[in-house]
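Chemist: below are the sequence and a predicted model; questions follow.
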Amino acid sequence: MSADPASLGEQRQASEHAHGLGPIAARVAEVLGARVLGQQLAYGELTISVAAEAIVETVTILRDDPELLFVCFIDICGVDYPARELRFDVVYHFLSPRKNARIRVKLATDDQTPVPSISDVFPAATWFEREAYDLYGILFSGNPDFRRILTDYGFRGHPLRKDFPPTGFVEVRYDNELRRVVYEPVKLPQEFRNFDFLSPWEGTDYTLPGDEKGKQ
């Protein structure tokens, strides 16, 4: 008989508590207090949710508290939920080498409200915030070099948003007459072709089995 998934989840959570994440989660809740809007312990990692305005204070406490010491900044990434009013999750990952533990910090924001930069706490976050802006359009206030980082100059839009068209908005090509790279609106001539969806192996004097429609 297979084990109940709920009981397996409870066993995994108990194991995680027994291996040190439980005390860490308790300490995080203690030092952050009301800043923590939600907390989850699963798959060997602790995840907390905070308000955007509390992010700098939160990561500073996680770094400096002697019982936590999340001194290693891993990355920042975005998640897009277009149907939500606050469509983006900004997700931060940190490692505590002393505790051999990881923590994930999440906050929600929209495409108009800047999130405070954590670059003064972790300077390496500067590049990751630029990436989140470039790919999602998430804004960060206080970043010392807030420019696109992956897309080309003149790129329009943010390619990892779920409403971004796969073709993009502009295309780049080298113009031999102008002797320079030019940007133009995307042209999709295939949209104007007529497709008959017939087999490419059909001949003029015979019909392949199953392709009788071609002679109708």
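Modeler: Nice, I can see it.
Chemist: now stretch 101-108: buried residues?
Modeler: If you call a residue buried by 16 or more other C-beta atoms under 10 Å, then stretch 101-108 has these buried ones: Ala101, Arg102, Ile103, Val105, Lys106, Leu107, Ala108. For every residue, glycine as well, the C-beta is placed using N, CA and C.
Chemist: I'd say the fifth one and Glu45 touch.
Modeler: Right, Lys106. No: using C-beta atoms under 8 Å, Lys106 makes no contact with Glu45, being 11.8 Å away.
Chemist: what residues sit buried inside stretch 29-37?
Modeler: Quick answer for stretch 29-37 (16+ other C-beta under 10 Å): Val31, Leu32, Arg35, Val36.
Chemist: helix or strand right after the strand or helix carrying Gly22?
Modeler: Taking DSSP states H and E as the definition, Gly22 sits inside helix 21-32. Next helix or strand after helix 21-32 toward the C-terminus (DSSP H and E): strand 36-42.
Chemist: and that next one, how far out from the chain's middle?
Modeler: 19 Å (C-alpha atoms, centre = their mean, to the nearest Å).
Chemist: repeat for stretch 96-109
Modeler: 16 Å.
Chemist: so Val90 sits in a strand?
Modeler: Yes: assignment of Val90 by DSSP: H, G, I helix; E, B strand; the rest coil places it within a strand.
Chemist: distance of the residue nearest the centre of the chain relative to Phe128?
Modeler: The chain has Gly78 as the residue nearest its centroid, 2.9 Å off, counting by C-alpha atoms, centre = their mean. Distance check for Gly78 against Phe128: by C-beta to C-beta, to the nearest Å, it reads 10 Å.
Chemist: Ala101 now?
Modeler: 21 Å.
Chemist: which residue ranges form the strands in this structure?
Modeler: 36-42, 45-50, 72-80, 88-96, 101-109, 115-116, 140-141, 170-175, 180-185 (DSSP state E).
Chemist: can those go into a markdown table with extra columns for mean pLDDT and distance to Asp134?
Modeler: Below are those laid out as a markdown table (pLDDT from 0 to 100; distance: least, C-beta to C-beta, whole Å):
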| stretch | mean pLDDT | distance to Asp134 |
| --- | --- | --- |
| strand 36-42 | 93 | 27 |
| strand 45-50 | 95 | 24 |
| strand 72-80 | 97 | 10 |
| strand 88-96 | 97 | 14 |
| strand 101-109 | 96 | 16 |
| strand 115-116 | 98 | 15 |
| strand 140-141 | 97 | 11 |
| strand 170-175 | 84 | 15 |
| strand 180-185 | 85 | 17 |
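Chemist: can I get the ones you listed in a markdown table with distance to Ile149?
Modeler: Below are the strands of the chain laid out as a markdown table (distance: least, C-beta to C-beta, whole Å):
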| stretch | distance to Ile149 |
| --- | --- |
| strand 36-42 | 29 |
| strand 45-50 | 25 |
| strand 72-80 | 12 |
| strand 88-96 | 16 |
| strand 101-109 | 19 |
| strand 115-116 | 17 |
| strand 140-141 | 12 |
| strand 170-175 | 18 |
| strand 180-185 | 19 |
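Chemist: quick one: low-confidence ranges for this protein?
Modeler: 1-20, 188-216 (pLDDT under 70).
Chemist: next up, the contacts around Cys77.
Modeler: Residues near Cys77 by C-beta atoms under 8 Å, 6 or more residues apart in numbering: Val90, Val91, Phe128, Ala132.
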